[in-house]
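1. Dropping the sequence and predicted coords here.
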Amino acid sequence: MIIIIIITILMISSIMAKKNNLPVRLFIEAQKNENDGHFEEAVVTYESALDEVKKFRFHGNLKNKILSKLKVLNTTIAYQNNLHFVRR
């Protein structure tokens, strides 16, 4: 009887985790923006994905990826802004 309850709980949590893939979709959208060179839009989308990831405890790896992407993008944006400032 306990095994059936455990299996049911695991199945329900699996379905809920698959159903709530908003952080993954936002991450993919942010990657597309980043690849297209729209760094500011990518930062906003990554931050939205990070907010969604914080709501779930199953996406620890995704959270680390988003944080590293945000660090790189903020550095890139700062570099580009400094480069434009120096050239003018």
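-> That came through fine.
2. What is the lengthiest helix in the chain packed up against?
-> The longest helix of the chain (DSSP state H) is helix 60-87. Packing contacts for helix 60-87, counted by 3 or more Cβ pairs under 8 Å, 6 or more residues apart in numbering; DSSP states H and E, involve helix 22-35, helix 39-55. All C-beta spots, glycine's among them, are computed from the backbone N, C-alpha and C.
3. which other residues reach the longest one?
-> Judged by Cβ atoms under 8 Å, 6 or more residues apart in numbering, the contacts made with helix 39-55 from elsewhere in the structure are 22-23, 26-27, 29-31, 33-34, 59, 62-63, 66-67, 69-70, 73-74, 76-77, 80.
4. can the helices and strands packed on helix 60-87 go into JSON lines with extra columns for mean pLDDT?
-> Formatted as JSON lines, the helices and strands packed on helix 60-87 follow (pLDDT from 0 to 100):
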{"stretch": "helix 22-35", "mean pLDDT": "92"}
{"stretch": "helix 39-55", "mean pLDDT": "92"}
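5. Which one of these lies nearest to I4?
-> For I4, the closest of those is helix 39-55, at 29.2 Å, according to Cβ to Cβ.
6. quick one, that closest one and helix 60-87 angle?
-> 160 degrees (axes from the mean of the first three to the mean of the last three Cα atoms, to 10 degrees).
7. buried ones in helix 39-55?
-> F39, A42, V43, T45, Y46, S48, A49, L50, E52, V53 (16 or more other Cβ atoms under 10 Å).
8. Figure out how far that helix is from the centre of its chain.
-> Relative to the centre of its chain, helix 39-55 is centred 6 Å away, using Cα atoms, centre = their mean, to the nearest Å.
9. Stretch 43-59 too?
-> How far stretch 43-59 lies from its chain's middle: 5 Å, per Cα atoms, centre = their mean.
10. and if you look at stretch 36-55?
-> 6 Å.
11. Same question for stretch 64-77.
-> Put simply, stretch 64-77 sits 11 Å off its chain's centre (Cα atoms, centre = their mean).
12. List the buried residues of it.
-> For stretch 64-77, burial by neighbour count (16+ other Cβ under 10 Å) applies to K65, I66, K69, L70, L73.
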